[in-house]
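[1] Below are the sequence and a predicted model for it; my questions follow.
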Amino acid sequence: MINILWTIFEISVNIYQGFMAVYFVYAFLGGKGIKNFFTIKNIAFSTVYAIATCFENFYIDSAMGKYTYVFAVVYITILFVYTLFEHYDYLIKSLFTAILPVVIILLSSILCGNISALVFGEKLEHMMTTPSTERFIAITTAQLLVFYIMCIALKLFKRTYMTGENSIFEWGIVSTVLIISLVLGAYINYAIVGNRDKLGLFSIIVFMCIVITNILVCWLLFDLVKKNKDINELNLLRQTQEYNRQYIENLQAEYETVHKLRHDYKNSFLLVSALLENGDPEKAKEEISKIVGDIANTEIFINTDNAVVNAVVNSKLSGAKALGIECECYVIKEISGIDDISLCRLLSNMLDNAITACKNEPEGKRLLELSVMANKISYTFTGKNKISESVIEHNPELKSTKKDIHNHGYGVKIIREIAEKYDGRSYFYEEEGMFCCAVCLRRNDSI
């Protein structure tokens, strides 16, 4: 009867560990609510994890500790596959997410086991293979510690979530520390079990040092990440302020242009009318030619329902035309579901990059194309500029070629961030002698 109850207890613990490990990954990847967790997929992976734990406990107890690192790899593989089903973007982040709960469970079990063996004066191997009160206390304490550490870890990572271009490097550092901790913990546990000497106190100290080291590394790295994030946000705020200023200037320039045209055309038409009345058609033709030339020089490229798009595109393309750049533009009439600041930043950066590239081309070969297309759920912004040689081949990372790189080089980054903000994608490619930037944004009709 005791053996049956003990078996039920251990199976329950294994099921608990399976659900805790998978739930940790689920919550870490952005899952919300314990109720939403209970899906067929999550239950299936939790069950697989629990079965693997049962296999370790019931079939290789005689070799306790010797295969800990082997099964740790199995557990990590199960959780890693689960992250792939979640469609996570970065493999290093997925690997870190799979490793962390395994490390927590492993170190908690080893730590509580060694402390219990030291307190009760038992050999660790004997205590963890024989049903007893001491073993029950060690296992129960370990599961409570797992729950506590996972809760703390989720809160810590939610506050200081690493994102951005350097995130792969940062996640790589943390993942490496965790892997080293996992291997070191497994090796020490194997050495203690294989050695009959009383090393309980030593093992406890070592494991505590491993845990403290992981906490310090994570804390220091996340603190640096937070400071770096603050700096980037400050730079982006400055960029936003600059685009707000440009937007206001563009609107003012457009208003002044229209006002000036109305005033000039009124006088010009009065003059043409007077010339015709006085029987001087040649002079009238000359005046009409001047009017046509003024209209060509102050061309309005687009006239959409969105004032921001009108101001930015008309201003940028008018400036491009003054530089001898041939401009072709097709923009849909109605643009909504994208906030004004994002539109201003996106179009300004796309056109600024294209204009800068065109200025380096020979006169007569300067061409810029802009199109904005839409369907029911998204917009596609495409900017193209003529190139005489491959940009991607010589500058695959699309870094700024300007001398003042500290105040430039944000264009591509801002474009990618706006695409991410609207659950979209950005593409940089070349075709038919043109460098192309295409940005797909999911429209948010609540804006």
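    Yep, that arrived. Source: prediction; values computed, not measured.
[2] Break this protein into its domains for me.
    According to automatic domain parsing, the chain is divided into the following domains: 2-236, 301-447.
[3] For residue 279, find the nearest of these.
    domain 301-447 (37.7 Å; Cβ to Cβ). Bear in mind the C-beta positions are built from the backbone N, C-alpha and C, glycine included.
[4] still on that earlier bit, now the domains of the chain as a markdown table including distance to residue 274 and mean pLDDT?
    Formatted as a markdown table, the domains of the chain follow (distance: least, Cβ to Cβ, whole Å; pLDDT from 0 to 100):
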| stretch | distance to residue 274 | mean pLDDT |
| --- | --- | --- |
| domain 2-236 | 56 | 74 |
| domain 301-447 | 31 | 84 |
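[5] In CSV, list these along with mean neighbour count and distance to residue 270.
    Shown next, in CSV, are the domains of the chain (neighbours: other Cβ atoms under 10 Å; distance: least, Cβ to Cβ, whole Å):
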stretch, mean neighbour count, distance to residue 270
domain 2-236, 17, 51
domain 301-447, 16, 27
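[6] Export those as a markdown table, with columns for distance to residue 273.
    Listed next are the domains of the chain as a markdown table, based on distance: least, Cβ to Cβ, whole Å:
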| stretch | distance to residue 273 |
| --- | --- |
| domain 2-236 | 54 |
| domain 301-447 | 28 |
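[7] These: which one's closest to residue 289?
    domain 301-447 (19.3 Å).
[8] Quick one: distance of that closest one to the chain centre.
    21 Å (Cα atoms, centre = their mean, to the nearest Å).
[9] can you check stretch 114-127 too?
    46 Å.
[10] What of stretch 275-294?
    Distance, centroid of stretch 275-294 to centroid of chain: 60 Å (Cα atoms, centre = their mean).
[11] got it, and stretch 144-152?
    That offset, for stretch 144-152, works out to 27 Å (Cα atoms, centre = their mean).
[12] what are the C-alpha coordinates of that stretch, in CSV please?
    Provided in CSV are the C-alpha atoms of stretch 144-152 (Å, rounded to 0.1, in the frame of the first residue of the first chain):
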residue,chain,number,x,y,z
LEU,A,144,7.9,24.6,-3.8
LEU,A,145,11.3,26.1,-4.6
VAL,A,146,10.7,25.5,-8.3
PHE,A,147,7.3,27.3,-8.1
TYR,A,148,8.8,30.3,-6.2
ILE,A,149,11.9,30.7,-8.5
MET,A,150,9.8,30.4,-11.7
CYS,A,151,7.4,33.1,-10.4
ILE,A,152,10.4,35.4,-9.6
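[13] Tell me which of the domains of the chain lies nearest to residue 290.
    domain 301-447 (18.4 Å).
[14] on that earlier part again, and of the domains of the chain, who's closest to residue 277?
    Among the domains of the chain, domain 301-447 comes nearest to residue 277, with 34.0 Å by Cβ to Cβ.
[15] distance of residue 139 from residue 74?
    Distance from residue 139 to residue 74, counting by Cβ to Cβ, to the nearest Å: 20 Å.
[16] my read: residue 357 touches residue 388, true?
    No: using Cβ atoms under 8 Å as the test, residue 357 is too far from residue 388 to be in contact (10.2 Å).
[17] beta partners for residue 330?
    According to DSSP bridges, the partner residues bridging residue 330 are residue 371.
[18] Show the contacting residues for it.
    370-372 (Cβ atoms under 8 Å, 6 or more residues apart in numbering).
[19] any chance of the residues you listed in JSON lines, plus distance to residue 116?
    JSON lines is the format used below for the contacts of residue 330 (distance: Cβ to Cβ, whole Å):
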{"residue": "370", "distance to residue 116": "70"}
{"residue": "371", "distance to residue 116": "69"}
{"residue": "372", "distance to residue 116": "67"}
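[20] Nearest to residue 306, out of these: which one, please.
    Nearest to residue 306 among these, with distances taken as Cβ to Cβ, is residue 372, at 9.8 Å.
[21] Need the nearest residue in space to that closest one, chain neighbours excluded.
    Setting aside the residues directly before and after it, residue 372 is nearest to residue 331 in space (Cβ to Cβ, 6 or more residues apart in numbering), at 4.3 Å.
[22] Check the contacts of residue 330 against residue 36 and report the nearest one.
    Residue 36 has its nearest neighbour among those in residue 372, at 36.9 Å by Cβ to Cβ.
[23] Hmm, residue 335 and the closest one touching each other?
    Yes: here residue 372 reaches residue 335: they are 6.7 Å apart, a contact under Cβ under 8 Å.
[24] got any residues that touch both of these two?
    309, 379.
[25] ok, back up a step: pretty sure the residue nearest to residue 372 contacts residue 309?
    Yes: counting by Cβ under 8 Å, residue 331 touches residue 309, with 6.7 Å between them.
[26] and for the two, which residues touch both?
    302, 372.
[27] Tell me the one of the contacts of residue 330 nearest residue 57?
    Within the contacts of residue 330, proximity to residue 57 (Cβ to Cβ) peaks at residue 372, which comes in at 60.7 Å.
[28] got the contact list for the closest one?
    So residue 372 contacts 309, 330-332, 335, 379-382 (Cβ under 8 Å, 6+ apart).
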